[in-house]
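fold the following, please.
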Amino acid sequence: MKVFILPMLLFLCTSLAVAQTYNIKGNVKEAPNSPMMGVSVVVKGTTHGVSTDFEGNFALDNVKKGQVLVFSYVGYITQEITVNNGNALNVTLKEDTQTLGEVVVIGYGTQKVKDVTGSVSVVDAKTITELKPVDAATALQGTTSGVSVNKASGSPGGKINILIRGVSSNGSNEPLVIIDGYEGALNSINPEDIESLTVLKDAQAAIYGIKGANGVVLVTTKGGRKNTPLEVKISSYTGIQQTTKKLDYMNATEYAALLNESYAANGQALPFGNLASLGKGIDWQDEVFKNSVISDMTASISGGGEKFSYYLGASHLTQDGIVAPEKSNFKRNNVKVSLGADISPKLKMNFTANYYNNKRKTIEENGLGAVLFNALNFSPTYGLHDEDLTGFLGNEVINPLAQIDNTYNQYDGNGLEGNFQLSYNLIEGLDLTSRIGFKTYSDEKKDFQPLSFFGTGKIFNRSRSTVTQEKNETHAYTWETFATYNKTFWKNHNTSLTVGTSAQRNWGSGLSATGYDVPNNSWDFADIGLTTGTNNSKTDNSYMNDSRLTSFFGRLQYDYKSKYLLSAMLRRDASSDFPKDNRADLFSSVTAGWKVSDEGFLKDSKWIDFLKLRGSYGTLGNNAGKNLYKAILNGEAVYVFNGQIVRGKAVGKLPNPSAKWEVAEKLDVGFDFNTLKNRLSLVFDYFIENRNDLLISNFPVSGIIGTAAPGASNPTVNAGNTQNKGFEVALGYRSDVTKPFSWGFNYNITRLDGKVVSINGDVIPEGGAFSVGQLAPARMEVGQPIGYFYGLQADGIFQNQAEVDAHPSQLALGAPAKPGDIRYKDVNGDGVIDFKDRTYLGKPTATYYMGLNLNAKYKNFDFSTYMYAELDKEMVRNYERSQPNVNRQRLYLDRWRGEGTSNSVPRVTTGATTNNLFSSFFVEDASFLRVQNIQLGYSIPASVLESVKMKSFRVYFSVNNAFTFTKYKGYDPSATSGDAIGGGIDYGFYPQARQFILGFNTSF
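Sure thing, here's the model as predicted:
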């Protein structure tokens, strides 16, 4: 009997065990009722899992009773379901509306949004996709509080300037950009390959030491996901571009009438006779501005298995310019690779690489001799192919079409950058990571100046053709090794410690040469090897550089019950770019936070879903002054030495053996607040930054150092301090996305006040230029913002001789005043109007920066718009040539012609006046509101796509740079050269294009 019972018991136990294991099938949908492909379904605590198919279905075998299935997808709230039986599961995932559980990159690690104690902003892939930026940096404009993004030029491939919390230095203010762990540049990446942009704005960036003072932009690129099937994505768009604005200039009849009046005022013969025969003449802006094309195609594949993931993307962008598109265009090709693998249960590998090729052609822009400068100033009475043969318009203004015809250049650059990383789990909670980031870039440039004649005395005439060729190479690597230990003590004390080292090297070389007399005066033969000029006619130069940086860093994070948060960072950097005694320094910071909403007294609050108070303080560096401890030797005139003719050398720039980097002290306090079931969020920050040891160039020093070469400059020294302070507010709302109609908005505003605190000695650094030969219009002075405008203050127009006689004499400015001239204020009250009466006229940086995004979705239709504004800023109108015979803006139709006719626009004359001196007459309010993007899209229902096995297909129409509302008369009130001193002076900036785009996104 016992022999019989024992096998029966064993059989019964085995049957019961089998009965507790199920094959689970089910379906996953997106609220309200769309199937979701690629959702990860995994048994919690294991790697056993699958992904949903095209219709959202899944099947998972060998699931035991009581085990938990985890359903997850990026951007959606993760669900967990306990298995109690073998019934089919129907799961609906909801979009994550609160993001508190999201993880953000903070440098050498990640952290949940709710645990971040620094000032951090994130731009996600959805926003980048909607904005369709050519350069990823543009995606930060208006979407991130505390960040301003402005273009130095609207030309294809033009430079973009990023400022985080304003201008703090008279040198470089560009933030550090880290791409997947290596130092890079935003313009090298295809925006479609970016998962997120994270901006570190406060002392939390101290983990990056001497490169963190201007803030840090952390770029996370897209990669594959484990346990997901192959997914193919294709996106493409094509659009038409046009100028957003033409400046209001005179036609031929108006221009001729003005010149006749100008000549008559000086008693000269009139240059034009029968005005009626002139008509409107040529509008040169119409001739140089052209509609052009922009197009982009991106394709990617991604996926992963149980122990690996992959992503491969490729793209091609073509953008023609809106000025002379055949001579102004940009092409970019990208290939992006990302691989991840679990080599063993403890060892993980990640590899990313980005190859890019840039090709660019440019025209002269943003200055004297630029195509647009000539289009504005050239006479509308000339024909399309007429030259100013007699030099009537002066020696700088030429026919813009002839200039375009004689412009030949090309740029071709190739780069490869990436990161290889290994992570090993030594023991529970302790991970060791080692990675090497690499970057190599080479470019070739060629510029051909053909034999040309634009008119008598023109400075752009070429008596000999020339070709200049240049080749540059830059290389860099960063090798970092760091360990992270996560440990919980006594149940509620959570700690994370990161310590590591970093070694960087940057090196490069370049060679350029110019040859004369190009065969056939042709671009086709523009090669130095073919030039026929003598050897003495060839010029060449070269350079080499090499710099290194070694660092040690650490960060300790602590929290008690995930409620009281503390973080401390320390980094020591040593740089070869600085003299031996100032080569190394320590940078440190501390941040703290308190989740007030987790306290018992707020636990049952109906309107506070989340409230966190936080603050940070620390020091960071800005390595703007590289190699200042080295002297620069210039080649001087030849002389006879020991019977031989030799070329002399002398000091061209004096060395500074005491040079060191700038140091920023940053303080930030703020709070994060969520309410209405986390649908409404509010983020506030108040910040102060004191920037010390600013590097002032050409600083006067004692003559004891010796004699320098003629025209040599004084050294650059640490001799200034600045302060920036202000506040940021970010407000966001998102309605219930499960309903047929949903909507939301994101608004941010930043107030910024900056000033110079001190400058050693009596030096007042100046910069920028106005007209030709005038005093610098911008400067850096104690008590004022960096780069503020400094000139004469206009006080209306002299209406009659009695007013001239009653006013202090203006003769010291260069000419006696007459009725119709600008009246200048006697600012210092000494009874004489001279250049000592120059005063504050405005500032190029705004006091307020604002961004607004509105979005809505109704069933399969979606709509979004992005806006950006800068308020309380000025720009200098410097695109008008002061020569008396050039064309003028139509504002001169309201010029003074006699007593009482105008009190704002002076008379015109060919005689000597002081009306063209830099004054408030040329400074304008440049505040603006720009509608950056308007987009309407339609997603084809999944039920329609099933037959062709597509996961999604969305088509959209978008208008970029749709409208700009401003009082500024120039092309672009947001443009800036990027210079701290002189950045707001408009030399005729190439305007940004308005784009009408039709595109689609699909996946399968």
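
can you get me a residue count around F392?
16 (other C-beta atoms under 10 Å). From N, CA and C alone the C-beta is placed, and that goes for glycine too.

for the closest residue to it other than its chain neighbours, what are its contacts?
In space, F392 comes closest to N885 once its chain neighbours are excluded; the distance is 5.4 Å by C-beta to C-beta, 6 or more residues apart in numbering. The contact partners of N885, by C-beta atoms under 8 Å, 6 or more residues apart in numbering, come to L259, P271, S379, F392, L393, G394.

the nearest residue to N23 once chain neighbours are set aside: helix or strand, and which one exactly?
With C-beta to C-beta, 6+ apart as the measure, D61 is the residue that lies nearest to N23, at 4.5 Å, once sequence neighbours are left out. Assigned by DSSP states H and E, D61 belongs to strand 57-64.

note down every partner strand of that strand and its orientation.
If you go by DSSP bridges, strand 57-64 pairs up with strand 21-30 (antiparallel).

in PDB, list the C-alpha atoms belonging to the strand it pairs with.
The C-alpha trace of strand 21-30 is given here as PDB (Å, rounded to 0.1, in the frame of the first residue of the first chain):
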ATOM      1  CA  THR A  21       2.300  27.500 -14.800                       C
ATOM      2  CA  TYR A  22       0.400  29.300 -17.600                       C
ATOM      3  CA  ASN A  23       0.900  30.400 -21.200                       C
ATOM      4  CA  ILE A  24      -0.400  34.000 -21.100                       C
ATOM      5  CA  LYS A  25      -1.800  35.700 -24.100                       C
ATOM      6  CA  GLY A  26      -3.200  39.200 -24.400                       C
ATOM      7  CA  ASN A  27      -3.400  42.500 -26.200                       C
ATOM      8  CA  VAL A  28      -2.000  46.000 -25.400                       C
ATOM      9  CA  LYS A  29      -3.700  49.200 -26.500                       C
ATOM     10  CA  GLU A  30      -3.000  52.900 -26.200                       C
END
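
after that strand, next one along is what?
Downstream of strand 21-30 (by DSSP H and E), the next one is strand 34-35.

packing partners for that following strand?
strand 21-30 (3 or more C-beta pairs under 8 Å, 6 or more residues apart in numbering; DSSP states H and E).

what about the strand it packs on, distance to the chain center?
46 Å (C-alpha atoms, centre = their mean, to the nearest Å).

do the same with stretch 478-492
33 Å.

got the contact list for it?
108-109, 181-183, 426, 429-438, 494-504, 553, 560-561.

are any of the residues you listed buried, and which?
Among the contacts of stretch 478-492, those scoring as buried are 108, 181-183, 431-438, 494, 496-500, 502, 504, 553 (criterion: 16 or more other C-beta atoms under 10 Å).

could you count how many residues lie near G212?
Quick note: G212 (other C-beta under 10 Å) scores 29 neighbours.

what are the phi and psi values for the residue nearest to F392?
Here is the backbone geometry of N885 (degrees, to the nearest 10): phi -100, psi 0.

now do it against Y249, distance only.
Going from N885 to Y249 by C-beta to C-beta, to the nearest Å gives 14 Å.

repeat that for Y355.
Y355 is 45 Å from Y249, by C-beta to C-beta.

more neighbours: those two, which one.
Between Y355 and Y249, Y249 has the larger neighbour count (other C-beta under 10 Å), namely 21 against 16.

partner residues bridging that one?
Beta-bridge partners of Y249, as defined by DSSP bridges: Q889.

where does it land on pLDDT?
The model reports Y249 with a pLDDT of 97.

ok, now K132?
90.

got it, and the one 4 residues further on?
Reading off the per-residue confidence, A136 sits at a pLDDT of 95.

go on, F861?
For F861, pLDDT reads 96.

element containing the closest residue to it other than its chain neighbours?
Closest residue in space to F861, ignoring its immediate chain neighbours: Y938 at 5.6 Å, by C-beta to C-beta, 6+ apart. Assigned by DSSP H and E, Y938 falls within strand 928-939.

my guess is the residue nearest to F861 contacts V955, does it?
Yes: if you go by C-beta atoms under 8 Å, Y938 and V955 touch, sitting 5.7 Å apart.

I figured S882 was touching N916, is that so?
Yes: the criterion here is C-beta under 8 Å, and S882 meets it with N916 at 4.0 Å.

quick one: which of those two has more around it?
N916 (19 against 16).

the more buried one in helix, strand or coil?
coil (DSSP: H, G, I helix; E, B strand; the rest coil).

equivalent analysis for K114, please.
helix.

doesn't G321 make contact with N291?
No: judged on C-beta under 8 Å, N291 makes no contact with G321 at a distance of 10.9 Å.

and stretch 476-489, how far from the chain's centre?
Distance of stretch 476-489 from the chain centroid (C-alpha atoms, centre = their mean) equals 29 Å.

now stretch 674-692
That offset, for stretch 674-692, works out to 22 Å (C-alpha atoms, centre = their mean).

can you point out the buried residues in that stretch?
So stretch 674-692, judged by 16+ other C-beta under 10 Å, has buried residues 674-675, 679-681, 683, 685-692.

including distance to R583, pLDDT and secondary structure, could the residues you listed go into a markdown table?
A markdown table is the format used below for the buried residues of stretch 674-692 (distance: C-beta to C-beta, whole Å; pLDDT from 0 to 100; DSSP: H, G, I helix; E, B strand; the rest coil):
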| residue | distance to R583 | pLDDT | secondary structure |
| --- | --- | --- | --- |
| N674 | 46 | 96 | strand |
| T675 | 51 | 96 | strand |
| R679 | 52 | 93 | coil |
| L680 | 50 | 97 | strand |
| S681 | 44 | 97 | strand |
| V683 | 39 | 98 | strand |
| D685 | 34 | 98 | strand |
| Y686 | 35 | 99 | strand |
| F687 | 30 | 99 | strand |
| I688 | 29 | 99 | strand |
| E689 | 25 | 98 | strand |
| N690 | 23 | 98 | strand |
| R691 | 21 | 97 | strand |
| N692 | 18 | 96 | strand |
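
T964 - nearest residue in space that isn't next to it in sequence?
T964 sits nearest to R930 (C-beta to C-beta, 6+ apart), 4.7 Å away.

burial measure for the one you found, as a count.
R930 has 23 nearby residues by other C-beta under 10 Å.

ok so, going back, how much space is there between the residue nearest to F861 and E102?
28 Å.

kindly report the same for I997.
30 Å.

between those two, point out the one with more neighbours.
Ranked by neighbour count (other C-beta under 10 Å), I997 and E102 place I997 first, with 20 against 16.

name the secondary structure element that contains the residue lying closest to that one once chain neighbours are set aside.
Leaving aside its sequence neighbours, I997 sits nearest to G239 (C-beta to C-beta, 6+ apart; 3.6 Å). Per DSSP H and E: G239 is located in strand 228-243.

thanks a lot, see you next time.
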